[in-house]
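1. Mind looking at a prediction? Sequence and model below.
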Protein chains: 2
Amino acid sequence: MTQRVVPAARKTYLQGSRPDVRVPMREVPLTNGDVVVLYDTSGPYTDPEQRTDVRRGLPALREPWIAERGDTAPYEGRAVRPEDDGRKAAPVREDVLPRRPRRATGGAVTQRAYAARGEITPEMEFAALREGVRPEFVRDELAAGRAVLPANVNHPEAEPMVIGRNFLVKVNANIGNSAVASSIEDEVEKMTWATRWGADTVMDLSTGRDIHTTREWILRNSPVPVGTVPLYQAVEKVGGDPAELTWEVFRDTVVEQAEQGVDYMTVHAGVLLRYVPLTARRKTGIVSRGGSIMAAWCLAHHEENFLYTRFRELCEIFAAYDVTWSLGDGLRPGSIADANDEAQFAELRTQGELTRIAAEYGNQVMNEGPGHVPMHKIKENVDRQQEWCDGAPFYTLGPLTTDIAPGYDHITSAIGAAMIGWHGTAMLCYVTPKEHLGLPDREDVKAGVIAYKIAAHAADLAKGHPGAQAWDDALSDARFDFRWEDQFNLSLDPDTARAFHDATLPAAPAKTAHFCSMCGPHFCSMKITRDVWRYADERGLDGEAALEAGMREKAAEFRAAGGRVQLPLSPGPS
Amino acid sequence: MTQRVVPAARKTYLQGSRPDVRVPMREVPLTNGDVVVLYDTSGPYTDPEQRTDVRRGLPALREPWIAERGDTAPYEGRAVRPEDDGRKAAPVREDVLPRRPRRATGGAVTQRAYAARGEITPEMEFAALREGVRPEFVRDELAAGRAVLPANVNHPEAEPMVIGRNFLVKVNANIGNSAVASSIEDEVEKMTWATRWGADTVMDLSTGRDIHTTREWILRNSPVPVGTVPLYQAVEKVGGDPAELTWEVFRDTVVEQAEQGVDYMTVHAGVLLRYVPLTARRKTGIVSRGGSIMAAWCLAHHEENFLYTRFRELCEIFAAYDVTWSLGDGLRPGSIADANDEAQFAELRTQGELTRIAAEYGNQVMNEGPGHVPMHKIKENVDRQQEWCDGAPFYTLGPLTTDIAPGYDHITSAIGAAMIGWHGTAMLCYVTPKEHLGLPDREDVKAGVIAYKIAAHAADLAKGHPGAQAWDDALSDARFDFRWEDQFNLSLDPDTARAFHDATLPAAPAKTAHFCSMCGPHFCSMKITRDVWRYADERGLDGEAALEAGMREKAAEFRAAGGRVQLPLSPGPS
């Protein structure tokens, strides 16, 4: 298990209004005595005071909050069946903790419903502390449907967080088993690894065998909200044939996953029968798995998508567990040529219709978005989604800004993700270097998360999120002060920054030296600047005129001292 | 030496109006019989018909064009001195080919001057064929100063190319020796490696020993234009002390490099004395090496920057060899906090003034730009540069869109590079993963070039460059048709794409299989789409109504055939 403490960082907690609202943050102590406090998604695994055990799960921090609201009750729950794990007759694995699920005893138990009543829940306060905003602001954004706080009553282990365009841009990492590549333990490890690097949520896209049990382990051990695509499991249950899907099997799967604690579910309810022919004009047709499953179902039955016709029934289930909608974009473009076309926008309009229906049930709603989109067509995606879906949080996959770089789609899509985040997307679903080519391994997951943390933070800066620039400023100050260790520890990936520095200047003294390998030991542009500043400071000079006067003196002094600066030994930027 | 032929690609040549105008292109034959022809920067090294020898240099393809214009003549040239290589008394290396440089015998011999006279040179025709535009268009853009064609009369080996906002966005890769890390052969290899992956120009930022000889080898072997920062060598010549710099030493260095064939030179002539105090308010002061050298000189002498006061003399030299200006941005921001500040824009205004002066001499001019800029401040950089500098080509370093990811600045800056390219930047100077941390090695050079080719192509798409999308379309068609080998061969990095695919599905049959590792062998969203299309096509159906009617039939047929589609075995996008 990933339990390694981030180098030099300490776990710290922001105390809320009640003793059990304690918000974990990452505190980076700097060598100059300052402390930088950063948002932290890594959960108890990076707290040396806490012991974690994958077979016992994380502490259920939200349990008392949920219980004391008195609007849910534990019940027997759906019996777990061998076919939930894709098996004919398998024993339930002994290492899964027995739990009784909860559900609403009356009306909606969603954070949105509470917010609409004016209540500030401990979850809202927790998320507000993480973001550095007032709890009332979180409440108001939830009530307006401009934000979601995914928090299934059966996933009390998760640390509450909020997703909306007026908050920090979030990042999702997809994980999921495969018969060939992964074990259950591997998937749990992939989840803790992704959150270690900053993933705000994970989606478990497991298919095949042990799908129920894998999800159970991930949920019990995940400090972040977990999303799924229930359609994948539903199709497994009918032997893998989309045509055999029924509303009953799908409903059963949604209840099964809601009882386990899935916080948000992707549902492709906007893929309407009449939209499918629109994809025939496309270069790459339908590229969403969920979208193509429902298209295949419509093709086989020539009936309207049952996810659309039964939508209100799903809203009732979602309200009873506080499952958040992630309305799928089954007709998203799979190539630059197909971006922003009729099929895509037809589905988006239907997402808007469904968003309004879900709101009637107090449901929390996000809308999923593309995909492959060239830069000049990105903004239109957000503008339409925000208009047509009443400002609900947008949750996009990339988008990839070109098709020509398989193997580097974390980069082609980080470009689009940063831009779409700036324009108002609330959460970015990562893309790994293996996209289009194969299954991501551990290094791919890290590469994807880091690329997307860059995109999200670049978006926060461009949006002018209060406090976002403080991080850049702290790092740039450290850089300018030659505080190398601080520069490493403040970076998104301290390990890599340190390793790259060591590759050129491995010796320990280089970590404190007032130079770097780019300009060599005797000359540094930043050092010259500091000479100017120190000079001004020593004389209490301020303002341009005074500084220029100071420089005149300084010039004389510089020459008098025979002050020599030695030039670079090695190349760098000009 | 990198002489490896790109996998599956063939060298092909576009024939111009005269036999010796033969423009190399990369031809990718596809398994469906199509052929895709791509821009190629890799030079003779990837042509199996040509033999290259680093000790003899590349063929001087422009030699006859230059000679027959009759406006230049060979002359004795400046004697190479040991101090040019930073040595007290070193023998000239035997392996450097003896050459006599050329210079103008009368007026300006620049491509701009020819264009202004209405002439279309072979160089212009060559560049036009590469870009797929009419030669007249290249001529008119050069004449207007909106584009440059860097082509020193002493670098006849380079394949002509054009840089301007109405052409494909170009990428520069920095190379350069260091006493510790590199040999001369290593630097030549780094140049061929960078151009192999798509670098349109290289800058030799060598410092220290053997600086003259290293540059000579790079020039004689470079198929792309070569840029330098002459200030670096000039400072070496005065023992590394910026205060000891003189106009005479700088001028001598410019002539030395112009005689060798440097195609464009970065000159920090816009760092005026009165701007230096403006940097005192900054978080990271002056971060440009050239900028800080000139600031140090101003500081030591309290005199105006001699590059500014002697600018017209430099214009005369540049006109005599056709050296293109790359007006340096010595006061570019080195952190998010300093972006778009007074110091930066003050220098940019002066760049505009200098651009107009250079135009008087028929000089070709580019303007360098930042640096570190958050997304919302990027467009302003291009808008001001285009306005203040009369539409001259903008040449930017990134910009990095956040400071928090040392080790990943090829990504933080590819985001900014793509955006600034879209808004009108003509050439992007790459940033490698080692930026801020150490010296780039071979893998870093490749990572930087690929990230920037992505940014440049994404910009071409967003600008609607004619033909740019054909590449994406060809790759997306291959993807949709499961032509795996074509998908690899069309990608920016075929080796990596193939290796990633093999990591999950190594067997040879998987290269032709109609599925990929994401959705497994029995189900594929793209396959379902193809079923719909094929059905429509077989019946000659067209239009939505017909298609929908067709689908009704298809549904019956699908059920009748017991048509079964098997679901994914492994996770992928939802």
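-> Thanks, I have it. Numbering: from 1, shown residues only, chains lettered A, B, ... in the order given.
2. rest of the way, CA atoms for contacts and neighbours
-> Noted.
3. list the helices and strands the strand or helix carrying A:F137 packs on?
-> Taking DSSP states H and E as the criterion, A:F137 maps to helix A:135-143. Counting contacts by 3 or more CA pairs under 8 Å, 6 or more residues apart in numbering or on different chains; DSSP states H and E, helix A:135-143 packs against helix A:111-116, helix A:122-131, strand A:147-148.
4. what lines up beside the last one in the sheet?
-> When you say that, I think you mean strand A:147-148. Strand pairing for strand A:147-148, using DSSP bridges, gives strand A:163-164 (antiparallel).
5. now the partner strand: how far from the chain's centre is it?
-> Computed by CA atoms, centre = their mean, to the nearest Å, the separation of strand A:163-164 from the middle of its chain amounts to 10 Å.
6. what's downstream of it, the next helix or strand?
-> Using DSSP H and E, the next helix or strand after strand A:163-164 towards the C-terminus is strand A:170-175.
7. And the contacts of that next one?
-> Strand A:170-175 is contacted by residues A:163, A:187, A:190-191, A:194, A:198-206, A:426-430, A:445, A:448-449, A:452-453, A:456, B:571-573 when judged by CA atoms under 8 Å, 6 or more residues apart in numbering or on different chains.
8. CA-only coordinates of that strand in PDB, if you can.
-> Listed next in PDB are the C-alpha coordinates belonging to strand A:170-175 (Å, rounded to 0.1, in the frame of the first residue of the first chain):
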ATOM      1  CA  LYS A 170     -10.900  19.100  -9.800                       C
ATOM      2  CA  VAL A 171      -9.300  16.100 -11.400                       C
ATOM      3  CA  ASN A 172     -10.700  12.600 -11.800                       C
ATOM      4  CA  ALA A 173      -8.500   9.500 -12.400                       C
ATOM      5  CA  ASN A 174     -10.000   6.400 -14.000                       C
ATOM      6  CA  ILE A 175      -9.000   3.000 -12.600                       C
END
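9. From the contact counts, what lies against the following helix or strand past that strand?
-> Counting by DSSP H and E, the next helix or strand C-terminal to strand A:170-175 is helix A:184-196. Under the contact criterion of 3+ CA pairs under 8 Å, 6+ apart, helix A:184-196 touches strand A:170-175, strand A:201-204, helix A:211-221, helix A:442-463.
10. Out of the helices and strands packed on helix A:135-143, which is the most enclosed?
-> Ranked by mean neighbour count, those are led by strand A:147-148 with a mean of 28 (mean count of other CA atoms under 10 Å in any protein chain shown).
11. For it, give the mean pLDDT please.
-> Per-residue pLDDT over strand A:147-148 has a mean of 98.
12. hmm, whichever strand or helix holds A:D502 in reach of chain B?
-> Element membership for A:D502 (DSSP H and E) is helix A:494-504. Yes: in terms of CA under 8 Å from any CA of the partner chain, part of helix A:494-504 sits within range of chain B, namely A:496-497, A:500-501, A:503-504.
13. Among those, find the lowest-pLDDT one for me.
-> Lowest pLDDT among those: A:T504, 74.
14. Number of residues surrounding that residue?
-> 20 (other CA atoms under 10 Å in any protein chain shown).
15. from what I can see it touches B:G438, true?
-> Yes: under the criterion of CA atoms under 8 Å, A:T504 makes contact with B:G438 at 5.5 Å.
16. May I have the residues that are in contact with the residue nearest to A:N221 when sequence neighbours are not counted?
-> Among residues not flanking A:N221 along the chain, A:G57 sits closest, at 4.8 Å (CA to CA, 6 or more residues apart in numbering or on different chains). The neighbours of A:G57, taking CA under 8 Å, 6+ apart as the test, are A:217, A:220-221.
17. Can you classify A:G57 by secondary structure?
-> What DSSP: H, G, I helix; E, B strand; the rest coil gives for A:G57 is coil.
18. before we move on, the earlier item: for the helix holding A:F137, buried residues please.
-> Using 16 or more other CA atoms under 10 Å in any protein chain shown as the test for burial, helix A:135-143 gives A:135-136, A:138-143.
19. any idea of the mean pLDDT for it?
-> Averaged over helix A:135-143, pLDDT sits at 98.
20. Cool, thanks, talk later.
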